[in-house]
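J.: The sequence isn't on hand, but the structure is:
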């Protein structure tokens, strides 16, 4: 159940690349520059699907922190639904994230009256993902010459037609020759068969995309274009292949037609779009070589349906092929795609591709970025080559196999995203040593890895800044560290079976920003050395087996914290007054402990607090008046305590416009508090009321630069035996 979403003003989507000399930078994200603490603004980053290679649009910078996002404001000939926003990652992952039922059937999700700040931030987040649809491949790859003298004759480099796929907007520079008579259909088919453009079966089936494309180019296309010439360098074959793609993917129902099948050079088969900063970008065929030939092609989030045809192999000059965010695009990766030997960027993420990866994919030796995230693919990873691959995104599929098979593969890999699959095996030290040489972002979360954490996971020479291993079956202890590791910023080990103590040497991770060790079997106390992790912004230690004690005082020094979750940590005593020092907090979760006494008035200093979970404790007294200052509250849980007085001040929608979930002991025949607007009113005598676990389970993912942009709480129910009397 999604309760709130916000766009962190400092967040950048995508990955982090700290190599300033990288030929293909790969996205924005977490960044430490010479000890600087803040996230990078995205200005020196490269593209990815979700910011996705869209912070920079054809050489024009659109930084992750700017308001200058790409709007779906189409300025070409064909209409489009300007209101259709690019779905969020969460909506794709959950089939549209919606509120789940809480206690008593209460739905916990953001209301339409969410506070103004969140509305703005949600809009910004939506626009970030609209950026994802506009792929800035002009900076993804070394610039190729794109000129206006594109041939329309049978042989490239000759002929008198001209189109333009460069930055002048794709306008025709010279009149293009118009054909007045149709071509004989039989001759067209014979030509296509002669050069093995398609099979005879497909070309003889009137319902096939191949037949329809041949019929169109023979009888409806009025551009004068000759069939002569070598098929390997034929504009005629290339034009036919694009027409097949149009019909095979439901071109008539595309969101934007991209000027496909117009009587002009294919280099003009594109449409222009306007960014909110009034910059013009182009999709479709948006780059051609100087002598002709499509070089970059993208139809993201354009309502493509059907399958990718094998005929795309005839687009032999294409080095970037982008079709992501088309959920009705199905079927396997066609064999023809692996014949596009010049491909450097291939992205078909967030579609519904199925089957396994073809062995021939390793023939694409020039690939630097391969994105197949969020599809329905299965099987093992067949390729061992791909020597130039920098970014591999196979997350959210059904791939399997032993993760150690990656040892020795892809020697230049920097960004590896394999989360949400079925990979198995034990992470051994040899594999970690191999990856540590180049890999910067490593995400193996939500797989089936087992065994202990390798002792060299935090090697000081490692280049890793993201290590996400949560949601596996890992055991053993967190390795101790002898030397400082200055690279690691994001460490997620939650939802495993890790035992033992948190090592005091955890403070050797001097640039750590995010630490999540929740839902393990850790014991002892949380070491005071963590006070040295002064850059921490996210600290989650929930649901472990720590020794009973007061809330650790070192937390008071972590003043940059945005999220603090110490649920089920065996904490007792009073909530300390120094909690007011943590003025950057957006989430404070102290649920299911043994805190007693009143809620300190200093909590009113947490003016940016969105989520406050103080439920299932032994708190007493009335809410402090300073609670009136927490105007950004979205979720506030106070139930299963001994509080009294009135909560009705929360009912003032002018003061608390964004509250969607408010829980208190305000139900039954003898309520402890008065609360007319509480969405969850627990009877103090009912131990079953509001017994959701309330674990934040929308994990920060690479699409959001490993920062949380959506809060979603689990719908797991606390086991009866674990409930307080």
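T.: On my side now, so go ahead. It should be emphasised that the depicted structure is a prediction, and the values quoted were computed from it without experimental measurement. Numbers count the residues shown, from 1 in each chain.
J.: shaky segments in the stretch 101-250 of the chain?
T.: In the predicted model of the stretch 101-250 of the chain, residues 101-175, 228-233 satisfy pLDDT under 70.
J.: Quick one: the helices in the chain, in order.
T.: 89-94, 116-133, 137-140, 185-194, 200-203, 209-215, 235-248, 429-436 (DSSP state H).
J.: so how far is residue 640 from residue 687?
T.: Residue 687 sits 8 Å away from residue 640, going by CB to CB, to the nearest Å. In short, each C-beta sits where N, CA and C put it, glycine included.
J.: Those two - which one has more neighbours?
T.: Set side by side, residue 687 and residue 640 show more neighbours around residue 640, with 26 against 14, by other CB atoms under 10 Å.
J.: Pull up the per-residue confidence for the nearest residue to that one once chain neighbours are set aside.
T.: Among residues not flanking residue 640 along the chain, residue 616 sits closest, at 4.5 Å (CB to CB, 6 or more residues apart in numbering). Looking at residue 616, its pLDDT is 97.
J.: likewise the one 5 residues further on?
T.: For residue 621, the pLDDT comes out at 97.
J.: For it, the count of nearby residues, please.
T.: With other CB under 10 Å as criterion, residue 621 counts 13.
J.: OK, contacts around the closest residue to it other than its chain neighbours?
T.: Leaving aside its chain neighbours, residue 621 sits nearest to residue 598 (3.8 Å; criterion: CB to CB, 6+ apart). When contacts are counted by CB atoms under 8 Å, 6 or more residues apart in numbering, residue 598 touches 574, 619, 620, 621, 622, 624.
J.: Can you say which of those are buried?
T.: Buried members of the contacts of residue 598, scored by 16 or more other CB atoms under 10 Å, are residue 619.
J.: for the contacts of residue 598, which one is nearest residue 657?
T.: Checking the contacts of residue 598 against residue 657 with CB to CB, the nearest one is residue 624 at 21.1 Å.
J.: Give me the distance between the closest one and residue 553.
T.: Taking CB to CB as the measure, residue 624 and residue 553 are separated by 21 Å.
J.: for residue 312, same thing?
T.: 62 Å.
J.: These two: which is more packed in?
T.: Shown here are residue 312 and residue 553; by other CB under 10 Å, residue 312 has more neighbours (22 against 11).
J.: Now do the contacts for the nearest residue to that one once chain neighbours are set aside.
T.: Excluding the flanking residues, the one nearest residue 312 by CB to CB, 6+ apart is residue 336, at 5.3 Å. Shown in contact with residue 336 (CB under 8 Å, 6+ apart): 309, 310, 311, 312, 313, 314.
J.: do that again at 10 Å, thanks
T.: Contact analysis of residue 336 by CB atoms under 10 Å, 6 or more residues apart in numbering lists 241, 308, 309, 310, 311, 312, 313, 314, 315.
J.: How many residues are close by the first one?
T.: For residue 241, the neighbour count with other CB under 10 Å is 26.
J.: residue contacts, it?
T.: 197-198, 210, 213, 234, 266, 294, 309-316, 336.
J.: what number of residues lie near the nearest residue to it once chain neighbours are set aside?
T.: Take residue 241 and drop its neighbours on the chain: the residue closest to it by CB to CB, 6+ apart is residue 314, 4.0 Å away. Residue 314 has 27 neighbouring residues, counting by other CB under 10 Å.
J.: need the contact list for residue 314.
T.: 195-198, 231-232, 234, 236-242, 244, 294, 336, 339-340.
J.: Buried ones only from these, please, as a ChimeraX command.
T.: Buried residues within these, by 16+ other CB under 10 Å, are selected in ChimeraX with:
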select :195,197,198,231,234,236,237,238,239,240,241,242,244,294,336,339,340
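J.: Show me what the longest strand that the chain contains is packed against.
T.: Ranked by residue count under DSSP state E, the longest strand found in the chain is strand 280-288. Where contact means 3 or more CB pairs under 10 Å, 6 or more residues apart in numbering; DSSP states H and E, strand 280-288 is packed against strand 56-57, helix 137-140, helix 235-248, strand 270-275, strand 294-298, strand 320-322.
J.: Swap in 6 Å and give it another go.
T.: Packed against strand 280-288 by the contact rule (3 or more CB pairs under 6 Å, 6 or more residues apart in numbering; DSSP states H and E) you find strand 270-275, strand 294-298.
J.: a markdown table please, covering the ones you listed and showing distance to residue 582 and mean pLDDT.
T.: Compiled in a markdown table, the helices and strands packed on strand 280-288 are given as follows (distance: least, CB to CB, whole Å; pLDDT from 0 to 100):
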| stretch | distance to residue 582 | mean pLDDT |
| --- | --- | --- |
| strand 270-275 | 37 | 83 |
| strand 294-298 | 44 | 95 |
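J.: So which of the ones you listed has the densest surroundings on average?
T.: Counting by mean count of other CB atoms under 10 Å, strand 294-298 has the highest mean neighbour count of those, with a mean of 27.
J.: Farthest from the middle of the chain: give me that residue.
T.: Distance from the C-alpha centroid of the chain, by CA atoms, centre = their mean, peaks at residue 181 (50.2 Å).
J.: That one and residue 187, how far apart?
T.: In terms of CB to CB, residue 181 sits 12 Å off from residue 187.
J.: try residue 566
T.: For residue 566, the distance to residue 187 - CB to CB - is 76 Å.
J.: I'd like the distance between residue 400 and residue 554.
T.: For residue 400, the distance to residue 554 - CB to CB - is 42 Å.
J.: Hmm, I typed the wrong one, I wanted residue 268.
T.: Taken as CB to CB, the spacing of residue 268 relative to residue 554 amounts to 63 Å.
J.: count of residues packed around the closest residue to residue 440 other than its chain neighbours?
T.: Of all residues not flanking residue 440 in the chain, residue 414 sits nearest, at 4.9 Å (CB to CB, 6+ apart). Residue 414: 26 surrounding residues under other CB under 10 Å.
J.: Next, work out how far apart residue 414 and residue 464 are.
T.: To residue 464, residue 414 is 10 Å away according to CB to CB.
J.: So for residue 558, what's the pLDDT?
T.: Note on residue 558: pLDDT of 98.
J.: Check what pLDDT the spatially closest residue to it that is not a sequence neighbour gets.
T.: Setting aside the residues directly before and after it, residue 558 is nearest to residue 536 in space (CB to CB, 6+ apart), at 5.2 Å. With respect to pLDDT, residue 536 scores 97.
J.: do the same with the one 10 residues further on
T.: Per-residue confidence for residue 546 comes out at a pLDDT of 98.
J.: Give me the number of neighbouring residues for it.
T.: 20.
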